[in-house]
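Visitor: attaching a predicted model along with its sequence, questions to come.
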Amino acid sequence: MRHYLFVSPARRSWPRLAVLLCVVAWMLMLRDARAQTQMPEPDYPAMALKWARGVVAQSQPDPAVRLRMEVSVGALDSRLKLAPCGNVEAYLPPGARLWGHSRVGLRCVDGMARWNVSVPVQVKAYGNAWVVRGQIMAGNPVTQNDVASVEVDWAEETSPVLQDPALWLGQTASRTLSSGQVLRQGVVRPTQVFQAGTQVRVVAEGPGFQVTSDAQALAAGVVGQSTRVRMDNGRITSGTVLDARTVKIDL
């Protein structure tokens, strides 16, 4: 007589289920291990910020004026997927300047894939400057009463600030200047002191001597700029305007 052992289907499925559970558990453990060992992505904007602050601290635009510098950076394009890199170098792109709105470049110099990206940066430079108090019409001279010393962001515009009063005092507004406007290069011009046809005195200087004579201006005269004059003998020459009546010629 033959005897048969009957095993129910439910009992036969237990070993398979146990194996499946073990495989799933092993995969979960492997995933957790990889997550723990994976290096966090470097903070590239922080790299750019640290580098920019160091450069800005060593490059004050005017050594005679101590400015309070502030540097901030934006974020990288979220769509970028940068490969791991052993050495990232920060640099200033050609033609860029760390002043106002600019960019800092970041490039991978030691990695399987070489990449090059840039981060937006803004530099503010706070310091006292001469600011228009009311309104100065174009063509009018700028006086001390027209301005006040106020702390402003020098980097808000690219034009240099006219910090020295000698650069603007008594000069003419090249356009109408509004209240709160900072005196910068280009907003004033030297004042014209005589017109063409005016009789002027010419001072000719050389080594150890000085000669004066009368002449007629052939062009308008602006202090510190060159103009042409006709001497009494008919000779035409050029000289530098000293004031409303004097032109200097160097021999």
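Guide: Structure's in. What do you need?

Visitor: could you give the mean pLDDT of the helix or strand harbouring R103?
Guide: For R103, the host element (DSSP states H and E) is strand 100-110. For strand 100-110, mean pLDDT is 94.

Visitor: tell me the helices and strands packed up against that strand.
Guide: helix 44-57, strand 87-91, strand 116-132 (3 or more Cβ pairs under 8 Å, 6 or more residues apart in numbering; DSSP states H and E). Glycine gets a C-beta too; all of them are placed from N, C-alpha and C.

Visitor: residues of the shortest one that come out buried?
Guide: Think strand 87-91. Of the residues in strand 87-91, V88, A90 count as buried by neighbour count, 16 or more other Cβ atoms under 10 Å.

Visitor: mind listing what A48 touches?
Guide: The neighbours of A48, taking Cβ atoms under 8 Å, 6 or more residues apart in numbering as the test, are V73, A90, V104, L106, V119, V121.

Visitor: list the beta-bridge partners for the fourth one.
Guide: L106 forms beta bridges with A90, V117, as assigned by DSSP bridges.

Visitor: how much space between it and L177?
Guide: 41 Å (Cβ to Cβ, to the nearest Å).

Visitor: cool, the last one as well?
Guide: Applying Cβ to Cβ, the value for V121 to L177 is 30 Å.

Visitor: could I get the helices and strands packed on strand 100-110 as a markdown table with mean pLDDT?
Guide: Putting these into a markdown table (pLDDT from 0 to 100) gives the following:
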| stretch | mean pLDDT |
| --- | --- |
| helix 44-57 | 93 |
| strand 87-91 | 95 |
| strand 116-132 | 95 |
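
Visitor: what's stretch 83-93 in contact with?
Guide: Residues contacting stretch 83-93 (Cβ under 8 Å, 6+ apart): 39, 42, 44, 47-48, 51-52, 55, 98, 102-113, 115, 118.

Visitor: quick one: end-to-end distance for it.
Guide: One end of stretch 83-93 sits 21 Å from the other (Cα to Cα, to the nearest Å).

Visitor: quick one: distance of it to the chain centre.
Guide: 22 Å (Cα atoms, centre = their mean, to the nearest Å).

Visitor: then stretch 84-98?
Guide: 16 Å.

Visitor: sorry, back to before: would JSON lines of the helices and strands packed on strand 100-110 with distance to E151 be doable?
Guide: Listed next are the helices and strands packed on strand 100-110 as JSON lines, based on distance: least, Cβ to Cβ, whole Å:
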{"stretch": "helix 44-57", "distance to E151": "18"}
{"stretch": "strand 87-91", "distance to E151": "30"}
{"stretch": "strand 116-132", "distance to E151": "5"}
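
Visitor: quick one: closest of these to G221.
Guide: Of all those, strand 116-132 sits nearest to G221, with 26.3 Å by Cβ to Cβ.

Visitor: in the sheet, who's paired with A125?
Guide: With DSSP bridges as the rule, A125 is bridged to M69.

Visitor: show me what contacts it?
Guide: A125 makes contact with P61, L67, R68, M69, E70, W99, D153, W154, A155, according to Cβ under 8 Å, 6+ apart.

Visitor: just the buried subset of those, please.
Guide: Neighbour counting with 16+ other Cβ under 10 Å marks P61, L67, M69, W99, D153, W154, A155 as buried within the contacts of A125.

Visitor: those residues: which two are farthest apart?
Guide: Farthest pair in the buried ones among the contacts of A125 (Cβ to Cβ) is P61 and D153. Separation: 12.4 Å.
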